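Student: quick one, structure for this:
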Amino acid sequence: MTPGLLLIGVPAAAGLAGLLSRHRRPATYLAIAAPAFTLAMAAICAIVNPRFALTLADFGPIQVDLALDLSGTAAAVAIATAFVTLLVQVYSAPYLRDDPRYPPFAAQVNLFCAAMLLVVAADDLVFLLIGWEVMGACSYLLIAHYAKLPEAPGAAAKAFLVTRFGDVAFVLGVMILGASAGSFRISEVAHVPNGTAAAAMLLILFGCIGKSAQFPLQIWLPPAMAGPTPVSALIHAATMVAAGAYVLTRLIPVWPAHLTIVVALVAAVTMVGAGLCALAATDLKGVLAWSTVSQVGFMFAAVAVTAGDAALFHLVSHAAFKALLFLTAGVVIALAGTNGSLRSTRLRPGDSPLAFWAMTIGLASMAGLPPLGGFFSKEAVLGAAYEAGTSAGVVVFWAGVGASILTAAYSARLWLLLFWRGAPAMETVKVPRAEAFSLWALMFATAGVGMVYYANLFHVPDLHLDLMALLLLATLGGFAVIADAWWRGHRRAVPALDDERDPAGVLGRARPALAAGLHAERLADRTTRAIARTASATARTLDERLVDRTAVEGSARATLAAAEETAAGHRGGLVRYLRLSAAGTLLVAVVAIGVSLWT
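Tutor: Residues are numbered from 1 along each chain as shown. This next block holds a predicted model:
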């Protein structure tokens, strides 16, 4: 069996076997061993770049193949996926030590990993759809893991339904593209007519927007924080949310040039809008959730300027620092003994040096401070936009600069609110070994991703000194805004938890709306209800007026009228019968003579 098949088959088999296990110890062994083996296979694939194809179905002119293609960049994404999954599984074992439902949880994580790896490695769009849909099912199960938490089932259903809404368009786009190209192989669908390509790619884009929580289908991601913290790390860092951006990079050759502006506008609105929402968010995981939406917008921005490698570079960089931030958030919330609200969650740096430095490094990378990976990957995206020389490039470049300022601002605000608000004294707490191992590994990965640039694994534009300076100025500008707001707040004699001391006060009256995600969730709920009511009223009207009155009642009235006429005819007496008989005979004779003359 080839490394590519083992890469997907082992976590899938471990996940299915884990679903049958009821005991914690074998479930834990399976949970950790499978992604560890998968990581080794991904590393081998990065060296040998395996390809594999086996025909699954032959429909004459079109075939569906079990086809895998692990080129250098695809193998790098596979390594990131397996690496994050492994650390999430290691972290989850002690984190869910008292959870009786840990065995199915661990199994679902492995299935999730296998599904994402299938999306990464597949060279056939129908085969890719299998992984795409399995991810949706796994996300529902994992987000709803805490079934007794009031908001968890609703959040899981919302994630499932919103992504399914986008998936309908995705499937239609795939079918149109494959039928027009005469093949579903990704390497063979580039040569299709522009009109067909435009229709197919717009549909696929809508599906990717849903999966990656981009505007206007971003409403499912913040509520998904109801799932366990390791689930948040997995969904936000290396699976699901990154899948949409990844698929778009694979299909860049199909994009008509005049439609890249659509992707640019989606990316620009998402980067800036989600950045503002992150700056106003009132809980720790909410800030990180909105930051994910904004950071994935950078990947879409790279797609808009046809810079697929820059998008994948930022995907890998984001996987490292976002997994680090979410897993550290779980530690911080546990140590603070809160629900993650920024009004009450606070620690002193000395209470847990590991948590402090892990959060600091993760936020610094997300903000774009050199020499961390986030700086290099953002520079690669902005550099590609700068060199594009297109209207899409102009849009995403300036939106990216604005989003960089916002990223620095909400990162600085989160850091200050967590660690510099006079937390009550407590003894230094040691993080459990397994959790500490995951944090250390991700800290090294976050710091070392920048070296990927110099290894030239991703073919991204060379560093631009002017762009580096601009990115640093944008980052420092965001820091300056928050520092000024923080200083002004601390000069006021107000209680420690008063909102006036929150740097997000710079948003003014817009802050409540931004904290609520610009009420997009409420708007979507009202729109959905209005559509449902309209559809229901229309169906009722059609049923009552067309079916009941016209078809049912009309046919009944016609039957009654015919019966009455027939009954009246039978009451006419002998003379009337003779007249009707003569008239009928005459009519039949006329018709017969006319037919004979015609023929």
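Student: which residue is the nearest non-sequential neighbour of the spatially most central residue of the chain?
Tutor: The centroid of the chain falls nearest to residue 212 when counting by Cα atoms, centre = their mean (2.6 Å). The shortest distance from residue 212 to any non-neighbouring residue, by Cβ to Cβ, 6 or more residues apart in numbering, is to residue 244 (3.3 Å). The C-beta positions use only the backbone N, C-alpha and C, and glycine is treated the same way.
Student: pretty sure the one you found sits against residue 209.
Tutor: Yes - contact criterion Cβ atoms under 8 Å: residue 244 and residue 209 qualify, at 6.7 Å.
Student: which ones are touching the residue nearest to the centre of the chain?
Tutor: Contacts for residue 212 (Cβ atoms under 8 Å, 6 or more residues apart in numbering) come out as 241-245, 296, 299-300.
Student: in helices, which of these fall?
Tutor: 241-245, 296, 299-300 (DSSP state H).
Student: looking at the residues you listed, which is nearest residue 339?
Tutor: residue 241 (23.2 Å; Cβ to Cβ).
Student: picking that back up, got phi/psi on the residue nearest to the centre of the chain?
Tutor: phi -100, psi 10 (degrees, to the nearest 10).
Student: what of the one 5 residues further on?
Tutor: Summarising the backbone geometry of residue 217 under the convention degrees, to the nearest 10, its torsions are phi -110, psi 30.
Student: count of residues packed around the closest residue to it other than its chain neighbours?
Tutor: Distance criterion Cβ to Cβ, 6+ apart; nearest residue to residue 217, sequence neighbours excluded, is residue 210 at 4.4 Å. For residue 210, the neighbour count with other Cβ atoms under 10 Å is 26.
Student: quick one: which of residue 244 and residue 209 has more around it?
Tutor: Using other Cβ under 10 Å, the more surrounded residue of residue 244 and residue 209 is residue 244, with 29 against 24.
Student: check what pLDDT that one gets.
Tutor: pLDDT, residue 244: 92.
Student: residue contacts, it?
Tutor: 207-212, 214, 296.
Student: what values do phi and psi take at the closest residue to residue 356 other than its chain neighbours?
Tutor: Excluding the flanking residues, the one nearest residue 356 by Cβ to Cβ, 6+ apart is residue 349, at 4.3 Å. Residue 349 adopts backbone torsions of phi -50, psi -30, taken as degrees, to the nearest 10.
Student: does residue 349 really touch residue 419, like I thought?
Tutor: Yes - judged on Cβ under 8 Å, residue 349 makes contact with residue 419 at a distance of 5.4 Å.
Student: give me the mean pLDDT for the helix or strand containing residue 594.
Tutor: Assigned by DSSP states H and E, residue 594 belongs to helix 573-598. What helix 573-598 shows for mean pLDDT is 74.
Student: sorry, back to before: tell me how far the residue nearest to residue 217 lies from residue 398.
Tutor: Per Cβ to Cβ, to the nearest Å, residue 210 is found 26 Å from residue 398.
Student: residue 229 now?
Tutor: 35 Å.
Student: who has more neighbours, these two?
Tutor: Ranked by neighbour count (other Cβ under 10 Å), residue 229 and residue 398 place residue 229 first, with 26 against 14.
Student: and that one, what does it touch?
Tutor: 95, 285, 326-327, 329-330, 333.
Student: and those, which is closest to residue 233?
Tutor: The closest of the contacts of residue 229, once distances to residue 233 are taken by Cβ to Cβ, is residue 326, at 3.7 Å.
Student: doesn't the closest one belong to a helix?
Tutor: Yes - assessed by DSSP: H, G, I helix; E, B strand; the rest coil, residue 326 belongs to a helix.
Student: overlap of the contact sets of residue 349 and residue 419?
Tutor: With Cβ under 8 Å, 6+ apart as the test, residue 349 and residue 419 both reach residue 356.
Student: more neighbours: which of those two?
Tutor: residue 419 (19 against 15).
Student: give the contact list for that one.
Tutor: Residues in contact with residue 419 (Cβ under 8 Å, 6+ apart) are 346-349, 356, 359.
Student: kindly recompute the last result at 7 Å.
Tutor: 347-349, 356 (Cβ atoms under 7 Å, 6 or more residues apart in numbering).
Student: next, it: phi, psi?
Tutor: phi -120, psi -10.
Student: go on, residue 65?
Tutor: phi -120, psi 140.
Student: contacting residues around it?
Tutor: Counted by Cβ under 7 Å, 6+ apart, residue 65 has contacts 53-56, 124, 127, 185.
Student: in strands only, show me these.
Tutor: With strands taken from DSSP state E, the overlap with those comprises 53-56.
Student: what's the burial count for residue 51?
Tutor: Using other Cβ under 10 Å: residue 51 sits among 15 other residues.
Student: could you give the bridge partners of it?
Tutor: Counting by DSSP bridges, residue 51 forms beta bridges with residue 69.
Student: and what of the one 4 residues further on?
Tutor: Beta bridges link residue 55 to residue 65, judged by DSSP bridges.
Student: was I right about residue 367 contacting residue 407?
Tutor: Yes - the criterion here is Cβ atoms under 7 Å, and residue 367 meets it with residue 407 at 5.5 Å.
Student: tell me where the stretch 101-250 of the chain has helices.
Tutor: Under the criterion DSSP state H, counting those that start in this stretch, the stretch 101-250 of the chain carries helices at the ranges 102-121, 125-143, 152-181, 194-211, 229-237, 241-250.
Student: for residue 123, what are phi and psi?
Tutor: phi -110, psi 10.
Student: and it, what does it touch?
Tutor: Residue 123 neighbours (Cβ under 7 Å, 6+ apart): 67-69, 185-187.
Student: report pLDDT for it.
Tutor: 90.
Student: before we move on, what about residue 551?
Tutor: So, for residue 551, pLDDT stands at 66.
Student: do the same with the one 3 residues further on
Tutor: The model reports residue 554 with a pLDDT of 67.
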